[in-house]
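# here are the coordinates; sequence isn't available:
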């Protein structure tokens with residue numbers, strides 16, 4: 001089973017989450033390919049999808065959102081999961097942990113939407129972004145919970161592995177050529 005893990009990530013922290021998800025799904029015998037959402041030209045060769053984005057003010061990055069919107073018909077009816085990465089700190093700020101991801105999940109009838117804490121490195125932000133972060137009183141630091149991310153990915157991998165086994169059940173074994 002070929003799985004696309006696509007991500008919208010500005011500074012790379014959400015991309016690292018996507019890469020971890022792809023690695024875990026691969027451990028379940030799936031061929032998981034991790035791509036930046038902006039680099040996905042077609043969804044045709046894939047059997048299942050995990051699409052995620054960093055959250056900014058409750059909204060996904062445009063490239064990830066556009067990927068979902070431009071392929072709604074192809075995504076519906078296939079196994080799709082979405083994830084958002086965004087709130088930082090304890091308690092998480094900004095508080096809108098799910099934002100656009102939840103509505104996109106409804107649009108494509110996704111099997112689930114994972115919401116994960118993010119990472120905020122002020123050294124990578126421009127002056128305007130730093131001002132916004134100060135105004136929101138968001139905490140700088142890495143708040144990603146890798147155990148939660150990997151457990152969520154294991155649930156996806158197990159479901160895809162089960163679906164793959166069920167789809168090949170009863171089919172004659174192929175002889176080596």
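Looks like it came in fine. These numbers were taken from a predicted model, which means no experiment stands behind them.
# for the chain, longest strand please?
strand 48-56 (DSSP state E).
# partners of it, with directions?
The sheet places strand 48-56 alongside strand 2-8 (parallel), strand 59-60 (antiparallel), strand 80-85 (parallel), with pairing taken from DSSP bridges.
# how about the strands in this protein?
2-8, 31-36, 48-56, 59-60, 80-85, 112-116, 119-120, 141-142.
# returning to what we had before: do you know which of the strands paired with strand 48-56 lies nearest residue 100?
For residue 100, the closest of the strands paired with strand 48-56 is strand 59-60, at 4.7 Å, according to Cβ to Cβ. The C-beta positions use only the backbone N, C-alpha and C, and glycine is treated the same way.
# let me know the average pLDDT across the closest one.
Strand 59-60 comes out with an average pLDDT of 92.
# ditto for stretch 131-145
For stretch 131-145, mean pLDDT rounds to 81.
# list the buried residues of it.
Buried residues in stretch 131-145, counted by 16 or more other Cβ atoms under 10 Å: 133, 138, 143, 144.
# for stretch 31-47, same thing?
Neighbour-count burial for stretch 31-47 [16+ other Cβ under 10 Å]: 32, 34, 35, 36, 37, 40, 43, 46, 47.
# what residues sit buried inside the longest helix seen in the chain?
Taking DSSP state H as the criterion, the chain has its longest helix at helix 146-168. For helix 146-168, burial by neighbour count (16+ other Cβ under 10 Å) applies to 149, 150, 152, 153, 156, 157, 159, 160, 161, 164.
# what is the nearest of these to residue 8?
residue 149 (16.3 Å).
# contact partners for the closest one?
Counting by Cβ atoms under 8 Å, 6 or more residues apart in numbering, residue 149 touches 17, 20, 21, 114, 116.
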